[in-house]
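Q: give me the fold of what follows.
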Amino acid sequence: MFGLLERDGRVYTKVVANVSAETLMTHIRATTRTGSVEYTDAFKSYQSLKRYGKHHTVNHTTSLVDRRTKNYINGIEGFWSFGKHIRYNYRGVSQYHFPMYLKEIEYCFNHCRDNLFKLFLQTFCGCVSP
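A: The predicted structure follows:
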């Protein structure tokens, strides 16, 4: 699994075949703008992010927040925790259906402050309730 989170914004997730630098950079470049500021953990596949914008790392082996720069990636970590909590209710998910469950969790996270019933009515019925 791979995930990107805008600071105080939306999350984007993708099931990836592997976590090589080439695979991750393809998804990062497709979903972010050149020149963006990226915050990641110290995983080796993220090392080439410097070519596309600013890249700040947090080494989780030493702390969750970089003591010097105060950088953190707790937002995406919170999303993964949210996803595990929701997935727990399913008591396991098949590998075949997992990408759809992941997108469902992404949708719920991105719309957690929205009235989903109104959104449902508007999308499927073409009407807006008061």
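Q: continuing past the longest helix seen in the chain, what's the next helix or strand?
A: With residue count as the measure and DSSP state H as the assignment, the chain has helix 74-88 as its longest helix. Helices and strands here follow DSSP states H and E; after helix 74-88, the next one along the chain is helix 98-110.
Q: and that following helix with helix 74-88, angle?
A: Computed with axes from the mean of the first three to the mean of the last three Cα atoms, to 10 degrees, the direction of helix 98-110 lies at 120 degrees from that of helix 74-88.
Q: how far off centre is helix 98-110?
A: On the basis of Cα atoms, centre = their mean, to the nearest Å, helix 98-110 sits 10 Å off its chain's mean C-alpha point.
Q: I'd like the mean pLDDT over that helix, please.
A: Computed over helix 98-110, the mean pLDDT rounds to 90.
Q: what's it packed up against?
A: Applying 3 or more Cβ pairs under 8 Å, 6 or more residues apart in numbering; DSSP states H and E, one finds that helix 98-110 makes contact with strand 11-14, helix 74-88. For every residue, glycine as well, the C-beta is placed using N, CA and C.
Q: what is the neighbour count of the nearest residue to M25 once chain neighbours are set aside?
A: Nearest non-adjacent residue to M25, counting by Cβ to Cβ, 6 or more residues apart in numbering: S48, 6.1 Å away. A count of neighbours around S48, defined by other Cβ atoms under 10 Å, yields 14.
Q: now do I73
A: The local packing count at I73 equals 19, with neighbours defined by other Cβ under 10 Å.
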